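Undergrad: Structure, please.
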Amino acid sequence: MTLPLGRAMREVFGETVAELADTDPRIVMLDADVGSSTRADIFEHRHPDRYLQMGIAEQNMLGVAAGLATVGLIPFVSTFVAFAVVRPLDQIRVLIAQTGLNVKITPGYAGIFTGLTGKTHLIVDDVSIMRAMPGMVTVCPADDIEAAQALRWCASYQGPAYIRLVRDATQRLFDGSYAFEFGRAVVVREGRDVTLISTGTQTPRVVDAAELLAAQGIEAHVLHVPTIKPLDVPAIVAAADRTGCVVTVEEHTIIGGLGGAVAEALSEHRPTLVKRLGMQDVFGESASNAALLELYGLSAARVSEQVAAICRTRGKEAAAQS
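TA: The predicted structure follows:
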């Protein structure tokens, strides 16, 4: 059964930060002339005196955010990932991460769900960049429920943080009983044959893939990792112990992202062969969300096909050794 759609994260972003600002006068929003796209304009309408229109000058925007943090304000930075991470990278590194300033980098339009804006706007190495940066925590919520909770956590956290949000409505993984806990991974499906580890909005598609695998007699254990840094190493080790076969799946490059983080953790704490599904060292293309998911093997059907092939190969190798 395919998981249902939730609300668009960009809507949740605008509403949640505006609500937080209702009770915390320190919260301000910086926008790089894309508020109607990221829905930072929801904050603008509610708190116009704390909405700073910075124009298409993202390096300057991150510098201003750093300055605002030095006087006790809590700046949330809103633009596309392409312009929040890559373009102002030097400002993030020198002014925010090295100083440990309380800046919240919360861009929308992450991953391949922005293909129709053009391939120049598809950034699929942002997690690699941000998790490698000392002092920068990195969170990738799975759906609208988790995004709202992660943003609330982010406002209370003291220090620089990166929250990866996507543009369009995606599948809803959690319900109202879910409680996001920073630094904790969550088992979302029990299984015995293969461990699937995913993050962000790819996790619901992985859950759907697990259902397709179950129809073939393959029971997948699925671990959702919303916090890429700091990584929940004990949960990853336990998930690897469960089946002895690990496949990571991410809507991101496999180099330095979730797959890299999992491989690093397991090589030190529980040596395990890790297969990584995701963007295979390529740039994104301009196309619809559905077309790109198929192209890069990230739809539920394509993930299930690849995992089933891995399981068959593993079974043949085990039979040959017996």
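
Undergrad: Provide the contact partners of the host helix or strand of residue 195 at residue level.
TA: Assessed by DSSP states H and E, residue 195 sits inside strand 194-198. Residues outside strand 194-198 that contact it (CB atoms under 8 Å, 6 or more residues apart in numbering) are 205-206, 209-210, 213, 218, 220-225, 236, 239-240, 242-243, 245-250, 258, 262, 303, 307, 310-311. Heads up, the C-betas are built off the backbone N, CA and C, glycines and all.

Undergrad: run the last query once more with 6 Å
TA: Contacts of strand 194-198 with the rest of the structure, by CB atoms under 6 Å, 6 or more residues apart in numbering, involve 206, 220-223, 239-240, 242-243, 245-249, 262, 311.

Undergrad: again, but for stretch 244-262
TA: 111-112, 124-125, 127-128, 194-199, 202, 206, 228, 231, 236, 240, 272, 274-279, 298, 303, 307, 314.

Undergrad: Dump that stretch to PDB, restricted to CA.
TA: What follows is stretch 244-262, C-alpha atoms only, in PDB (Å, rounded to 0.1, in the frame of the first residue of the first chain):
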ATOM      1  CA  GLY A 244      23.800  -8.600   8.300                       C
ATOM      2  CA  CYS A 245      22.900  -7.000   4.900                       C
ATOM      3  CA  VAL A 246      22.700  -3.200   4.700                       C
ATOM      4  CA  VAL A 247      21.400  -1.100   1.800                       C
ATOM      5  CA  THR A 248      21.300   2.700   2.100                       C
ATOM      6  CA  VAL A 249      18.900   4.700   0.000                       C
ATOM      7  CA  GLU A 250      19.000   8.500  -0.400                       C
ATOM      8  CA  GLU A 251      17.700  11.200  -2.700                       C
ATOM      9  CA  HIS A 252      21.300  12.600  -2.700                       C
ATOM     10  CA  THR A 253      24.700  11.700  -4.000                       C
ATOM     11  CA  ILE A 254      26.000   8.400  -2.500                       C
ATOM     12  CA  ILE A 255      29.300  10.200  -2.000                       C
ATOM     13  CA  GLY A 256      29.600  11.700   1.500                       C
ATOM     14  CA  GLY A 257      25.900  11.600   2.300                       C
ATOM     15  CA  LEU A 258      23.900   9.100   4.300                       C
ATOM     16  CA  GLY A 259      25.500   6.100   2.600                       C
ATOM     17  CA  GLY A 260      29.000   7.400   3.400                       C
ATOM     18  CA  ALA A 261      28.000   8.200   7.000                       C
ATOM     19  CA  VAL A 262      26.600   4.700   7.500                       C
END
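
Undergrad: tell me which residues in it are buried?
TA: For stretch 244-262, the neighbour count (16 or more other CB atoms under 10 Å) marks 245-254, 256-262 as buried.

Undergrad: How about stretch 294-310?
TA: 295-300, 302-304, 306-308, 310.

Undergrad: quick revisit: could you list the paired strands of the strand holding residue 195 along with their orientation?
TA: strand 220-224 (parallel), strand 246-253 (parallel) (DSSP bridges).

Undergrad: can you give me the mean pLDDT across the longest one?
TA: On average, the pLDDT along strand 246-253 is 98.

Undergrad: Downstream of it, the next helix or strand is which one?
TA: Heading C-terminal from strand 246-253 (DSSP H and E), you reach helix 258-269.

Undergrad: What's the first helix or strand after that next one?
TA: strand 274-279.

Undergrad: for that next one, packing partners?
TA: strand 246-253, helix 258-269 (3 or more CB pairs under 6 Å, 6 or more residues apart in numbering; DSSP states H and E).

Undergrad: and it, how far out from the chain's middle?
TA: Using CA atoms, centre = their mean, to the nearest Å, the mean C-alpha position of strand 274-279 is found 16 Å from that of the whole chain.

Undergrad: how about the CA coordinates for it, as PDB?
TA: Output of strand 274-279 as PDB, limited to C-alpha atoms (Å, rounded to 0.1, in the frame of the first residue of the first chain):
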ATOM      1  CA  VAL A 274      27.000  -1.700   2.600                       C
ATOM      2  CA  LYS A 275      25.300  -1.200  -0.800                       C
ATOM      3  CA  ARG A 276      24.500   2.500  -1.500                       C
ATOM      4  CA  LEU A 277      21.500   3.500  -3.700                       C
ATOM      5  CA  GLY A 278      21.100   7.100  -4.700                       C
ATOM      6  CA  MET A 279      22.600   9.600  -7.100                       C
END
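
Undergrad: can I get the CA coordinates of the longest helix along the chain in PDB?
TA: Across the chain, the longest stretch assigned as helix under DSSP state H is helix 300-321. Below are the C-alpha coordinates for helix 300-321, written out as PDB (Å, rounded to 0.1, in the frame of the first residue of the first chain):
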ATOM      1  CA  ALA A 300       9.500   2.600  -4.700                       C
ATOM      2  CA  ALA A 301       9.400   0.100  -7.600                       C
ATOM      3  CA  ARG A 302      13.000   0.800  -8.700                       C
ATOM      4  CA  VAL A 303      14.300   0.600  -5.100                       C
ATOM      5  CA  SER A 304      12.500  -2.800  -4.600                       C
ATOM      6  CA  GLU A 305      14.000  -4.100  -7.900                       C
ATOM      7  CA  GLN A 306      17.500  -3.100  -6.900                       C
ATOM      8  CA  VAL A 307      17.200  -4.500  -3.300                       C
ATOM      9  CA  ALA A 308      15.700  -7.800  -4.600                       C
ATOM     10  CA  ALA A 309      18.700  -8.200  -6.900                       C
ATOM     11  CA  ILE A 310      21.100  -7.600  -4.000                       C
ATOM     12  CA  CYS A 311      19.300 -10.200  -2.000                       C
ATOM     13  CA  ARG A 312      19.400 -12.700  -4.800                       C
ATOM     14  CA  THR A 313      23.100 -12.200  -5.200                       C
ATOM     15  CA  ARG A 314      23.700 -12.500  -1.500                       C
ATOM     16  CA  GLY A 315      21.700 -15.800  -1.500                       C
ATOM     17  CA  LYS A 316      23.700 -17.200  -4.400                       C
ATOM     18  CA  GLU A 317      27.000 -16.300  -2.600                       C
ATOM     19  CA  ALA A 318      25.800 -17.900   0.600                       C
ATOM     20  CA  ALA A 319      24.800 -21.000  -1.300                       C
ATOM     21  CA  ALA A 320      28.200 -21.200  -3.000                       C
ATOM     22  CA  GLN A 321      30.000 -21.000   0.300                       C
END
